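Q: Need a 3D model of the sequence below.
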Amino acid sequence: MFLIIVIAFSQALPGLVFATEETAARAAIKEWRILWSETRGVPDSVPAHRDDWLATSAGGSTPSKPHAKASAWIQMKIPEISSASPGILIDKLHGQQVAVYADHEKIYESTRTYNYELNYILLPLHQDLLGKDLYIWLETARDHVTMEGKILVGNYHDLLNQFVKSNLVDIILGSAFIFIALVMLICAVFLNRKYLITVLALSFIILSVGILVFTYSPFLYTIFAEYGNLYTQLYDISLFILLPSFSLFFEKIFGPGWRGVLRKLRRFQVFYSLFCGLFLIFNQWASNQWFDLYYFFSVQVLGFVMIVQFVLLVGSSMYYAIKGNKDAVIFNAGFAVFAIVGLGELLQFFLTRGSYNLFLWKWGIVSFIIALIVILGRHFAKNHEQMLQYSKELEMFNNELQRSEKMEIISELAASVAHEVRNPLQVTRGFLQLLTGKAQSTEREYLDLALVELDRASGIITDFLTFAKPEFGKDTVLRISEEFKHIEGILGPLAHLQGGRITVDIPEDITIRGNSSKFKQAFINIVKNSIEALGDEGLVHIRCYRQQGQVFIHVVDNGEGMGPDVLARLGEPYFSNKTKGTGLGLMVTFRIIEAMGGDIYFTSKQGVGTDAVITLPAACE
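A: Residues are numbered from 1 along each chain as shown. Next up is the predicted model:
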């Protein structure tokens, strides 16, 4: 599809600029004469010879039409060219009724009952007419007889090809916009309500613009002139839809504006567009009897409303652009081009009392539609990123919720069972100790093993009790450096046995509030895990710093590290990557840190090491 459009554009663009030089096969008529007339309705013959014809030329000043005159005659001489099938192309001639006479014989007639005066006339000529006089009669409400283009005489097929190419851009642009709008309307069915109105407003904007560009092209009125009334009605209806849709889209993107002025403008446009639409139906039903009044409301008043709308939206777009929003900058860049071009052409149209032919607005529309498509793409990408972020946050929330539920269940279970289990264990241990003193050496080995396992079971119960109710007793101010001197003294020998060492880098002035015993218990578990992960010449480095009222403690080792699946399960009960681990040590550590108002997280990479980061509230000085 895009390849076809590109090819069509490449073929169409050369035809937009007519050749200015005269050749043997083509000639441009640059001089003619004008005669004002009171005739209404297409005359049967050309006027007799008179001396009051006014000479004029292409690019020169056009004489004004006298007040009592209703029509005009244009007389020119057809140049002689060497062509087997000559023709004439009259470009951009304004007139509600037009007739063309060659050598006093009428060869073309057009009477339009709708409001579209722009005419492109392409006619074949007989070779006998070359060098003869050509007369054009036209009836127009304009103050001047306006021919904006050129009058060319040349090969008929070449002129036809040139005419088609010069209007092909409008057909392609209009069709492309209509196709894009229909696709967006179909896709809008599957959108949620949050974006539905915005996408529908944008779809109606693009659809209206496509119909405006399509029906404004003189190609349709020249090739399919019998449907001209339908084209003008579609043009007006599209304009009635475009303006409120435009305001609605702007309002949805940037809000109702200062004191709701944009919302009020949009509501007024909705009611006024409905009024103009009903007036259009009534005027058609009345056989166009109320055309002048309809023209006043649908062209002059509506044009003033468009100017007010453009001024408000341009001012609002500049205000929002100052805020630095990227989407706003893109929107305002495209909209500013369209609004400035459209506003300039509307002013030119009214200053020339309707003699100006609007044509630049379609390129302003193209730039604006491109900006809207870019913004829409950015919004979809942004929404996709937000959905991914929400999914990640939801997954983290669910994991945290599951963990909290597990901890709560274990806490309740531990609180209710641990005390009841510990008492019989202590009694059993006492009797085993008595039996050990009386047992023989062969039996004492088994009794010692039973005592070790009982002590291990008692330790697990102690961990359960600590997790269920980590009572700290009386909190005191703890100096972090002093606490870690004790921890280093306890675990230093264990590190040496593993072939590693412990280094501590903690300033003397960093303090927190808490229970010294529980603090040591938590960090002994963390440091011990780091030591057990070391290899030969391993290192556990402990550093601490204070930042924004929080104390950060890093326990970094260069051990074997952990994968993402292991990191995700740290702190779960009974989960351990050690052969003899119970999975309760880190669980208790997490509980102690949380009870102290802190947080703990791990970063690790297999083969590189692990960094345990603990944050705790700093003590008030």
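
Q: In this structure I369 contacts A181, no?
A: No: with contact defined as Cβ atoms under 8 Å, I369 does not reach A181; the gap is 9.9 Å. Every residue, glycine included, has its C-beta placed from N, CA and C.

Q: what's the overlap in contacts for these two?
A: I206 (Cβ atoms under 8 Å, 6 or more residues apart in numbering).

Q: Tell me if I'm right that F250 and S316 touch.
A: Yes: under the criterion of Cβ under 8 Å, F250 makes contact with S316 at 7.4 Å.

Q: which of these two has more neighbours?
A: F250 (25 against 20; other Cβ atoms under 10 Å).

Q: From L372, how far out is that one?
A: 11 Å (Cβ to Cβ, to the nearest Å).

Q: can you give me the strands in the stretch 351-500 of the chain?
A: Applying DSSP state E, counting those that start in this stretch to the stretch 351-500 of the chain gives strands spanning 476-479.

Q: So which residues of it form helices?
A: Applying DSSP state H, counting those that start in this stretch to the stretch 351-500 of the chain gives helices spanning 361-438, 441-468, 480-497.

Q: Which elements pack onto the first one?
A: With contacts taken as 3 or more Cβ pairs under 8 Å, 6 or more residues apart in numbering; DSSP states H and E, helix 361-438 sits against helix 156-188, helix 193-216, helix 326-351, helix 441-468, helix 585-595.

Q: Just tell me which of the ones you listed ends up closest to E488.
A: Nearest to E488 among the helices and strands packed on helix 361-438 is helix 585-595; the distance by Cβ to Cβ comes to 17.7 Å.

Q: between that closest one and helix 361-438, how many degrees?
A: Counting by axes from the mean of the first three to the mean of the last three Cα atoms, to 10 degrees, helix 585-595 points 120 degrees away from the direction of helix 361-438.

Q: Could you check the helix or strand that helix 585-595 is followed by and say which residues are buried?
A: Downstream of helix 585-595, the next assigned helix or strand under DSSP states H and E is strand 599-605. If you call a residue buried by 16 or more other Cβ atoms under 10 Å, then strand 599-605 has these buried ones: 600, 602, 604.

Q: just how off-centre is strand 599-605 within its chain?
A: 37 Å (Cα atoms, centre = their mean, to the nearest Å).

Q: Show me what that strand is packed up against.
A: Against strand 599-605 (3+ Cβ pairs under 8 Å, 6+ apart) you get helix 564-568, helix 585-595, strand 609-617.

Q: ok, and what's touching that strand?
A: With Cβ under 8 Å, 6+ apart as the criterion, strand 599-605 contacts 561-563, 566-567, 570, 589-590, 593, 610-615.

Q: Identify the farthest-apart pair in these.
A: G563 and T615 (24.1 Å).

Q: For these two, indicate the residue with more neighbours.
A: Using other Cβ under 10 Å as the criterion, G563 and T615 rank with T615 on top: 16 against 11.

Q: can I assume the more buried one is in contact with F552?
A: Yes: using Cβ under 8 Å, T615 is in contact with F552, at 5.6 Å.

Q: measure stretch 281-297 end to end?
A: End-to-end span of stretch 281-297 (Cα to Cα, to the nearest Å): 14 Å.

Q: buried ones in it?
A: Along stretch 281-297, these residues count as buried under the neighbour rule (16+ other Cβ under 10 Å): 283, 290-291, 294.

Q: pLDDT on that stretch, on average?
A: Stretch 281-297 shows an average pLDDT of 79 in the prediction.

Q: The closest residue to I211 other than its chain neighbours and F291, how far apart?
A: Using Cβ to Cβ, 6 or more residues apart in numbering and skipping residues adjacent in sequence, the residue nearest I211 is S238, 4.0 Å away. Per Cβ to Cβ, S238 is found 19 Å from F291.

Q: OK, contacts around the closest residue to L207 other than its chain neighbours?
A: Spatial nearest neighbour of L207, excluding adjacent residues (Cβ to Cβ, 6+ apart): A181 at 3.5 Å. Counting by Cβ under 8 Å, 6+ apart, A181 makes contact with 203-204, 206-207, 210.

Q: before we move on, the earlier item: hey, what's in contact with both of F250 and S316?
A: Residues touching both F250 and S316 (Cβ under 8 Å, 6+ apart) are L262.

Q: ends of stretch 189-198, how far apart?
A: Stretch 189-198: ends 12 Å apart by Cα to Cα.

Q: Tell me which residues of stretch 607-621 come out buried.
A: With burial defined by 16+ other Cβ under 10 Å, the residues of stretch 607-621 counted as buried are 609-612, 614-616, 618-619.

Q: export those residues to JSON lines and tack on distance to L159?
A: Output for these, formatted as JSON lines (distance: Cβ to Cβ, whole Å):
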{"residue": "G609", "distance to L159": "82"}
{"residue": "T610", "distance to L159": "83"}
{"residue": "D611", "distance to L159": "80"}
{"residue": "A612", "distance to L159": "85"}
{"residue": "I614", "distance to L159": "86"}
{"residue": "T615", "distance to L159": "82"}
{"residue": "L616", "distance to L159": "88"}
{"residue": "A618", "distance to L159": "88"}
{"residue": "A619", "distance to L159": "93"}
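
Q: List of residues touching stretch 431-445?
A: Stretch 431-445 is contacted from outside by 447-448, 450-451, 454, using Cβ under 8 Å, 6+ apart.

Q: Quick check on those residues: which are buried?
A: Members of the contacts of stretch 431-445 classed as buried by 16+ other Cβ under 10 Å are 447, 454.

Q: of the contacts of stretch 431-445, closest to I330?
A: Distance to I330, by Cβ to Cβ, is smallest for L454 among the contacts of stretch 431-445, at 73.7 Å.

Q: measure that closest one to F431 for me?
A: In terms of Cβ to Cβ, L454 sits 11 Å off from F431.

Q: what does Y231 give?
A: Relative to F431, Y231 is positioned 108 Å away (criterion: Cβ to Cβ).

Q: higher neighbour count, the two?
A: Y231 (20 against 9).

Q: Confirm that that one sits in a helix.
A: Yes: counting by DSSP: H, G, I helix; E, B strand; the rest coil, one finds Y231 located in a helix.

Q: gap between the closest residue to I241 other than its chain neighbours and F331?
A: Excluding its sequence neighbours, the residue lying closest to I241 (Cβ to Cβ, 6+ apart) is S208, at 4.8 Å. In this view, S208 and F331 are 18 Å apart by Cβ to Cβ.

Q: and if you look at I74?
A: I74 is 47 Å from F331, where distance means Cβ to Cβ.

Q: Distance of Y135 relative to H67?
A: For Y135 relative to H67 (Cβ to Cβ), the value is 24 Å.

Q: Report the contact partners of the closest residue to I365 other than its chain neighbours.
A: Closest residue to I365 apart from its sequence neighbours, by Cβ to Cβ, 6+ apart: V209 at 5.1 Å. The neighbours of V209, taking Cβ under 8 Å, 6+ apart as the test, are 177, 238, 242, 365, 369.

Q: hmm, which two among these are most spread apart?
A: S238 and I369 (14.4 Å).
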